[in-house]
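[1] I would like to see how this sequence folds:
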Amino acid sequence: MTVTPASPPRLRDITRGQWRSGAAAWLGWFFDGLDMHLYTLVALPFVAELMGMASASAAVHERAAWIMAAFLFGWALGGGLFGLIGDRLGRSRTLVLTILTYACFTGLSFFAQTWQELALCRFLAALGIGGEWAVGASLLSETWPAGWRPLLAAILQSAVNVGVMVATLASYLLADCPNRVVFLVGLAPALVTLWIRRAVPETTAWHQARAGAHGHQPGIGALFRGPVRRITLLTLAVCALGLSAHWAFMFWSLQQVRGLGELASWSDAERNRLASGIMLLLMVASVIGNLASALLAQFMGYRRAITLLFIAYALAMIGAYSVPRTLSGLMPYLGAIGFCQGVFALFTMYLPPLFPTLLRTTGAGFCYNSGRVAAAAATVVFAMAAPVGDVRLALVGAGLLFLPAAALAWRLPEPPTQSA
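    Take a look at the predicted model:
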């Protein structure tokens, strides 16, 4: 069923202020992608170095998973925390705070001397990354015409993909350096905050909502009252299932490749370069998937597009890991999985309009990022499965989570300004 945009997307109608808010959100998401994936690219060798053990050790796998879980938990907490701040302090100012948070603590990971210190730095960096998602999405949903939302979702998610590509390139170029050096790249985002604070004003919608509220600011509890409650509960469930499966893949797929028998004679530097190449493949495919997802949402609506892509993601993961495959045999499936990751682009512009203005960053940030708590737990569970079996079987189980996610996504509504 075709969904008619609320306004025709015409570039000549976009104001300078809208371009600036778009650039600020894009840069925030770009650096999100950069900082969030620096760890996944060097996880096992760096944790092994901190622990003084071999990368293949079960203890190293477990600690690396706990660090990733701390990151995902921090991401969830940051989404709720900075969501509240964004609804109270404003979108532009909160965007600056989130970027500074993740840039500083990613850079501080360079100085970690124990795996616990690394886990703390990743947790604190994730607070900013989780917060930036909700704030950037709300900033654009309140400043750009509704007819642009599907394309904006693709463009914003592609910013994350480009950030991951830059992280991958940095990891590749620094493969012969100590693993910790790659975290210094994560300091770069701090520089962009100077421009954002000066050039990007608060949104009119936020000012109007604040004035109309007469000092009354709804809290997280409001998400579980009245008609908003159904949206909150459904979104929480969809995000918990979908993100658990997605992050299980994003972290453990690289570690599964590192453990392939045909790579037994490879050095850590060679494996690092291979991991960088695979991440690049995933991100290129994901950029294409972002654009395809936007077209699907424009044609059939967000709800149907999300459901379809979740099912496709499940089938691609089951196909990739249900039987043992060589590196060359995995590659086509990895490309298909990367394409299906475009589904997460849709959440960017889909979720904020489902909530009232003064609950917008709170609702979108809390619901989407709370899914990462489940993802954090899933990452550790898969780590525990790895020593007693092939992690690819855990990845099959993770892929199956997309099926109930698809069933629940089917019950979600379209945004108020773009009803199916």
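[2] where are the low-confidence patches of the stretch 1-150 of the chain?
    Where the stretch 1-150 of the chain drops to pLDDT under 70, the residues are 1-13, 146.
[3] ok, now which ones touch residue 95?
    Residues in contact with residue 95 (Cβ atoms under 8 Å, 6 or more residues apart in numbering) are 24, 25, 28, 86, 132, 135, 136, 139, 196, 200. Where you see a C-beta, it was placed from the backbone N, CA and C, and this is true even at glycine.
[4] for those, pick the one with the most neighbours.
    Top of those by neighbour number is residue 135, holding 33 neighbours under the definition other Cβ atoms under 10 Å.
[5] any idea how far that one is from residue 98?
    To residue 98, residue 135 is 6 Å away according to Cβ to Cβ, to the nearest Å.
[6] and residue 151, by the same measure?
    In this view, residue 151 and residue 98 are 24 Å apart by Cβ to Cβ.
[7] can you list the contacts of residue 95 in TSV and add distance to residue 366 and secondary structure?
    Shown next, in TSV, are the contacts of residue 95 (distance: Cβ to Cβ, whole Å; DSSP: H, G, I helix; E, B strand; the rest coil):
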residue	distance to residue 366	secondary structure
24	22	helix
25	19	helix
28	19	helix
86	11	helix
132	14	helix
135	13	helix
136	15	helix
139	17	helix
196	23	helix
200	24	coil
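[8] which of residue 151 and residue 98 has more neighbours?
    Each of residue 151 and residue 98 has its neighbours counted (other Cβ under 10 Å); residue 98 has more, 30 against 20.
[9] now do the strands in this structure.
    Assigned strands in the chain: none (criterion: DSSP state E).
[10] what are the ranges of the helices in the stretch 101-250 of the chain?
    Per DSSP state H, counting those that start in this stretch, the stretch 101-250 of the chain carries helices over the ranges 115-143, 149-173, 192-199, 204-213, 228-258.
[11] overlap of the contact sets of residue 135 and residue 98?
    Contact criterion Cβ under 8 Å, 6+ apart; residues shared by residue 135 and residue 98: 28, 82.
[12] could the contacts of residue 95 be laid out in TSV, adding distance to residue 395?
    Shown next, in TSV, are these (distance: Cβ to Cβ, whole Å):
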residue	distance to residue 395
24	36
25	32
28	30
86	35
132	28
135	32
136	30
139	35
196	38
200	40
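[13] just the residues you listed now: which is nearest residue 340?
    Compare each of those with residue 340 using Cβ to Cβ and the shortest gap goes to residue 136, at 22.9 Å.
[14] now the closest one: closest residue in space, sequence neighbours ignored.
    residue 25 (3.9 Å; Cβ to Cβ, 6 or more residues apart in numbering).
[15] quick one: that neighbour from residue 134, how far?
    Taken as Cβ to Cβ, the span from residue 25 to residue 134 is 11 Å.
[16] go on, residue 363?
    Distance, residue 363 to residue 134, by Cβ to Cβ: 8 Å.
[17] quick one: common contacting residues for those two?
    If you check residue 363 and residue 134 against Cβ under 8 Å, 6+ apart, the residues they both contact are 83, 352.
[18] could you check which of these two is surrounded by more residues?
    Each of residue 363 and residue 134 had its neighbours counted (other Cβ under 10 Å), and the higher figure belongs to residue 134 (35 against 28).
[19] just say which of the helices of the stretch 101-250 of the chain is most tucked in.
    Among these, helix 115-143 has the highest mean neighbour count (mean count of other Cβ atoms under 10 Å), at a mean of 26.
[20] quick one: distance of it to the chain centre.
    Relative to the centre of its chain, helix 115-143 is centred 9 Å away, using Cα atoms, centre = their mean, to the nearest Å.
[21] repeat that for stretch 85-98.
    Mean-position distance between stretch 85-98 and its chain equals 19 Å (Cα atoms, centre = their mean).
[22] and stretch 59-72, by the same measure?
    Here stretch 59-72 is found 17 Å from its chain centre; the criterion is Cα atoms, centre = their mean.
[23] so for that stretch, what gets flagged as buried?
    By neighbour count on 16 or more other Cβ atoms under 10 Å, the buried set for stretch 59-72 is 60-72.
[24] since that was my last question, I'll sign off now.
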